[in-house]
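Novice: Fold the following.
(2 chains)
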There are 2 protein chains.
Amino acid sequence: MNQDIDQLAINTIRTLSIDAVQKANSGHPGTPMSMAPVAYELWQNHLRYDPADPIWPNRDRFVLSAGHASMLLYSMLFLAGVRKVTEDYEITDEEACSLHEIENFRQLHSRTPGHPEYRWTTGVETTTGPLGQGIATSVGMAIASKWQAATFGEDLFDFNVYALAGDGCLMEGVSHESASLAGHLKLDNLCWLYDNNHITIDGSTSLAYGDDVLSRFEGYGWNVLRVGDANDAGLLSRALDEFEAETGRPTLIVVDSHIGWGSPNKQDTESAHGEPLGPEEVKLTKQAYGWPEDAQFLVPDGVRERFDEVIGARGAAESKAWNEKLAASPHANTVEMMQRRQLPDGWDSAIPSFEADEEKGLATRKASNKVQNAIGEALPWLIAGSADLTDSTSVRLTFDGMENFEPESFAGRQIHYGIREHAAVTACNGMSLSKLRPLWSTYLTFSDYGRPGIRLSALMEIPVIHLFTHDSIGLGEDGPTHQPIEQLASLRALPNLDVIRPGDANETAEAWKLAINRTKDPVALVLTRQNVPVLDRSKYASAEGVQKGGYVLADSEGGDPELILMATGSEVSLAVFAHEKLQEEGIRSRVVSLPCWEIFDRQDKSYRDEVLPPGVTARLAIEEASPLGWERYVGSAGEILAMRTFGQSAPFADVEAEFGFTPEKIAQAAREVVERAAVSPST
Amino acid sequence: MNQDIDQLAINTIRTLSIDAVQKANSGHPGTPMSMAPVAYELWQNHLRYDPADPIWPNRDRFVLSAGHASMLLYSMLFLAGVRKVTEDYEITDEEACSLHEIENFRQLHSRTPGHPEYRWTTGVETTTGPLGQGIATSVGMAIASKWQAATFGEDLFDFNVYALAGDGCLMEGVSHESASLAGHLKLDNLCWLYDNNHITIDGSTSLAYGDDVLSRFEGYGWNVLRVGDANDAGLLSRALDEFEAETGRPTLIVVDSHIGWGSPNKQDTESAHGEPLGPEEVKLTKQAYGWPEDAQFLVPDGVRERFDEVIGARGAAESKAWNEKLAASPHANTVEMMQRRQLPDGWDSAIPSFEADEEKGLATRKASNKVQNAIGEALPWLIAGSADLTDSTSVRLTFDGMENFEPESFAGRQIHYGIREHAAVTACNGMSLSKLRPLWSTYLTFSDYGRPGIRLSALMEIPVIHLFTHDSIGLGEDGPTHQPIEQLASLRALPNLDVIRPGDANETAEAWKLAINRTKDPVALVLTRQNVPVLDRSKYASAEGVQKGGYVLADSEGGDPELILMATGSEVSLAVFAHEKLQEEGIRSRVVSLPCWEIFDRQDKSYRDEVLPPGVTARLAIEEASPLGWERYVGSAGEILAMRTFGQSAPFADVEAEFGFTPEKIAQAAREVVERAAVSPST
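Specialist: Coordinates of the predicted model:
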């Protein structure tokens, strides 16, 4: 093939992508074909990246926000020879993405799933596929770079973040939130490459899309550059140089491209987007590339060597120099701990315990703030933030030296995300991927606005803290638009996410320990707006039971229980008060606090049966939320006092009474459960 | 009080809002105080609205997107004398929002909840409070106006839609999707009034927000106007005139304002946003307004009369003239039917039934398309659309005369929403509120992107059709980012939403009948990507059982069942095949298809017990989704074959086998359930 080596490499990316999609008979060839030269130019001549150390902390990040073009990324990982890293951070000699994996694109257990998956394939910086998520996550990575630069020195941290996005990413609402936030924060280390190809699944973008992207992004305070031809490496390189020189603004590079580039019959059509080209068109396209038309998965001699010579050699030198700098730095230990998700000794030593106060009580959001500050002071890379509800959700860091994360104070640890829940959660995903420990907050109902990001934190198994307050109808006057009903069930249905709704201040402290004491998987902390009693732990069981997800908080006197009351959050103390009444009446009741179903379900059967003895079928669950799922614990004979409609706007005590959440009504419901069980003990 | 009557009216709006918030000791006074003159000028001199007929179909819509400023709207409804309308569309002599209701702001059962609620308070055009929802919904209303104009004539329909939004609305991602869509569609009947007050809950907007809104909205193709002072009625009126004269572009009017206007100590501060002013500041503010400082809920003489003279008189004349035009129109009957959510005779007569085809089968999305077209031809105000997945989700209307809804063809019934799920669902909410019957579609996983809008459709009890395909791991190669796990449970947890996952083509037809045959409450239709067998209904029960939510599809031979298999969607036929195996082995099994839990749960107990006899405790549920909630049906002794992790990327048969969803594995799990039940029949 009479092509220069760089062109040969670019065509290798294209043909590997074409062949993999064709063999799988599934996938998206068009964008890898058109954007191959862009990825190649970026990786070879701009990206600071060492294929032999793909977890080098100061590497530039490349995010394929157009995740359906996964073969573009897999081709790069293969050709650049990126090495596989284990879960224990060991760099192996194995390839992260071998030719064999590419030949098994989209097959069971291959390292080349349909969309790039973090943790599953080394070199994938974040999971993408749901559109907009990649660019949104890239903002968090850029924040992490700035924070580490300000905290540890710009000689140690100054990485850039590049994200490749399509029309879909820019149409999604999260692109607005994230771009606006990045512009406000002046993240000049952030560069989005916009593949402007005018085609979506439905056809021409003109069916639905007419944005003047330049005007839009200038409105966000971005630097907007244009590259008129995706095949023009020189133009692109100049634009990337301009990005690197830019200060005070993120950069958007609009790259005009032709989807399915080179395909005689499919270029510039939607059929190149999401379908294999078909055997005939594959041949014609290879002819157009000057490629042997029958060759499959061909990697011409010299191509992988070319990657070794350029990005490999440059990256090796850069990472080596950096590691020497790190070794000489006073921050070496801290950086190392962060990378391995370790915690400083004594991180939990200042966590308060709360004195009993059953009269006035304390909102769990307020208790949470005290705990968060105690931990935050000991864990310097805990980064707090809120979607414009900093004090309402009580996530403000208040100890000495705290400041906002802002362009003038990038070492700040309090982020004001604005009224942008989706940008907040996705930024936290990006920070967590960069090994900070971020938390973000909003009202539980508005977790809905960030659902796609919450899902990705769970899918990526990263330890983001989602903190949601105003957790029930107990928020009162704001009414049904603000009162969550279905959100607890929605979150509990998500794999890998532990949803913790502590019952009082001391359970809140335990919930925080659970949240921090993990190296993977997110948690959702679900907290009250209203005061709830701080239970007297000399009378009731220790809140340490939270560590097991559920525990016997108050037990029957005078014999084994004949009734189990179970509850979470603000309903725990209601259950306790009902229990006291029932005990007086001679009903032997037990109260089980169940702050985290997921953790409780992971306990062994003997513990679970100890807490919820199978023989006690008279059970009543109390939760101011959808009943969905409680049958798991109450069984066929039990009852659930829950919300079966939306809430109402009124002072919280009125709302709770309206829906039956008072000790009196709970006790009454419990009596009925006990009576029924006495009549038919076996059902 | 020595003020002209208009100023007196404006100050009445302000002081009613102040007093109501103060009395409730909860709420948001600042925006009603600053935006009172804007609302007053708009209503009195521009809004085409008849307080005596607040459901007049061609009325202009006023949407308070900044829903926390609800007292602004309640004050307008009260002062303008808006009449209460019943659920049966009868206009009563009662006030929609009396002074008594205002005095009971945010109290239980009052018509003045914390945020404005559609259906609960006449005159509230859409529920708002979750930020961004109002402006997004307004786009759907503007679409409905254009569609009705193009379909019934511009002399009958030409209403404008005004939405009042704050910084929060414009920061939310959905504002981008909706504004971009509105610009693309050239909705020149849409006007957003942006309350540019520089304050959010956290403090100055500069904490998080630096958008150049003019540049941003010009990028969307909007006409952007600026009113430098919210108190300058003349300036505002001129801007509104300009909006009315504008063609081909939506209009954004940026109104500079001072939150908490007139409050000596709280104006321009975040404390005016979401807290009562406090008794002292209330007095000082009233002094500043030239108001009796101790008067509470004062409505000076002449103020309500002024509304009667202006908006009342104008609206009455306009609605009367319109009703005369309608009476003379050939469309009178159709318009009337739409307004009352009635259906044309024979709307369901062409719905196909599908022949048995257990070999090749048919994807339920494909079956759905046939049914949708049969209904669509008979129901001219069914409006289909998709978030860039028109053919993937099979929602294309294909009969003669169908065209896209576009600026040149506003009578089109196919809307290309672009990759904007949130804008799609909220636009559908707006269209449904305007009495069209909209459906929108995306993949089930990406329903997450539209969650806040889905929630509002349920809260408002409007009959939007949410159509979600690619409903499980059965979608195959796209992998875990695209495979829904928690979404079914998330949707089932939402009050008022019926989630229907039909098992084959004929169940799909029945599901559509359920969807269309309702005047309130949304449905979610959940459909497969992959082919599923079309069951032989001469052998198994009729699909009409879907009407009851669940039914016995295949029953045991040779005696009462000893085992119940239950499933939804693509797992129904797997259960049937397993059942056939088990029957051959002599295990008396029953298959229950449970396409809609909510409808099944609404059946009387005798029917539910007939389908799921309490005595049969050996039960196995099969669903390729989170198990959450299935315990309700399988009971303590049953088992759930479900997804407890995220999915995998591979051809669908491989994925289903990997997770145990084959007739063989189902039969094996069923045998174990039966054996266990035989050992301990009572648990």
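
Novice: from here on, contacts and neighbour counts on C-alpha atoms
Specialist: OK.

Novice: Could you look up the SS state of whichever residue of the stretch 351-500 of chain A sits closest to chain B?
Specialist: In the stretch 351-500 of chain A, the residue that lies nearest chain B is A:S490 (4.2 Å; C-alpha to the nearest C-alpha). The three-state label for A:S490, taken from DSSP: H, G, I helix; E, B strand; the rest coil, comes out as helix.

Novice: The one 5 residues further on too?
Specialist: Put simply, A:P495 is coil when judged by three-state DSSP.

Novice: how deep is A:G615 tucked in, by neighbour count?
Specialist: 12 (other C-alpha atoms under 10 Å in any protein chain shown).

Novice: before we move on, back to that, tell me how many other residues crowd the residue of the stretch 351-500 of chain A closest to chain B.
Specialist: Quick note: A:S490 (other C-alpha under 10 Å) scores 23 neighbours.

Novice: Just list the residues touching it, thanks.
Specialist: Counting by C-alpha atoms under 8 Å, 6 or more residues apart in numbering or on different chains, A:S490 touches B:E486, B:Q487, B:A489, B:S490, B:L491, B:A493.

Novice: cool, and A:P54?
Specialist: A:P54 makes contact with A:V82, A:R83, A:V85, A:T122, A:G123 under the criterion C-alpha under 8 Å, 6+ apart.

Novice: Mark which of those residues are part of strands, please.
Specialist: A:R83, A:V85 (DSSP state E).

Novice: Identify the farthest-apart pair in the contacts of A:S490.
Specialist: B:E486 and B:A493 (10.8 Å; C-alpha to C-alpha).

Novice: Stretch A:537-550 spans what distance, first to last residue?
Specialist: When the termini of stretch A:537-550 are compared using C-alpha to C-alpha, to the nearest Å, they are 16 Å apart.

Novice: what is the mean pLDDT for it?
Specialist: Stretch A:537-550 shows a mean pLDDT of 98 in the predicted model.

Novice: ok, and what's touching it?
Specialist: Taking C-alpha under 8 Å, 6+ apart as the rule, stretch A:537-550 contacts A:356, A:502, A:506-507, A:510-511, A:514, A:551-554, A:592-601, A:603, A:611.

Novice: Quick check: buried residues in that stretch?
Specialist: Within stretch A:537-550, the residues scored as buried using 16 or more other C-alpha atoms under 10 Å in any protein chain shown are A:S542, A:A543, A:E544, A:G545, A:V546, A:Q547, A:K548, A:G549, A:G550.

Novice: hang on, the earlier thing: and the contacts of stretch A:537-550, which of them are buried?
Specialist: Applying 16+ other C-alpha under 10 Å to the contacts of stretch A:537-550 flags A:356, A:502, A:506-507, A:510-511, A:514, A:551-554, A:592-600, A:611 as buried.

Novice: Nearest to chain B: which residue in the stretch 101-250 of chain A?
Specialist: For the stretch 101-250 of chain A, C-alpha to the nearest C-alpha, closest residue to chain B: A:G173, 3.8 Å.

Novice: Apart from its neighbours in sequence, what residue is nearest that residue?
Specialist: Distances taken as C-alpha to C-alpha, 6 or more residues apart in numbering or on different chains put B:G173 closest to A:G173, at 3.8 Å, once the chain neighbours are dropped.

Novice: and the one you found, what is it in contact with?
Specialist: Shown in contact with B:G173 (C-alpha under 8 Å, 6+ apart): A:E172, A:G173, A:V174, A:S175, A:H176, A:E177, A:R420, A:H422, B:G132.

Novice: And A:L491, by the same measure?
Specialist: Contacts of A:L491 by C-alpha under 8 Å, 6+ apart are A:L497, A:V499, B:S490.

Novice: Same check on A:T508?
Specialist: Counting by C-alpha under 8 Å, 6+ apart, A:T508 has contacts A:T364, A:A367, A:S368, A:P502.

Novice: Walk me through the domains of chain A.
Specialist: A:5-323, A:357-533, A:549-679 (automatic domain parsing).
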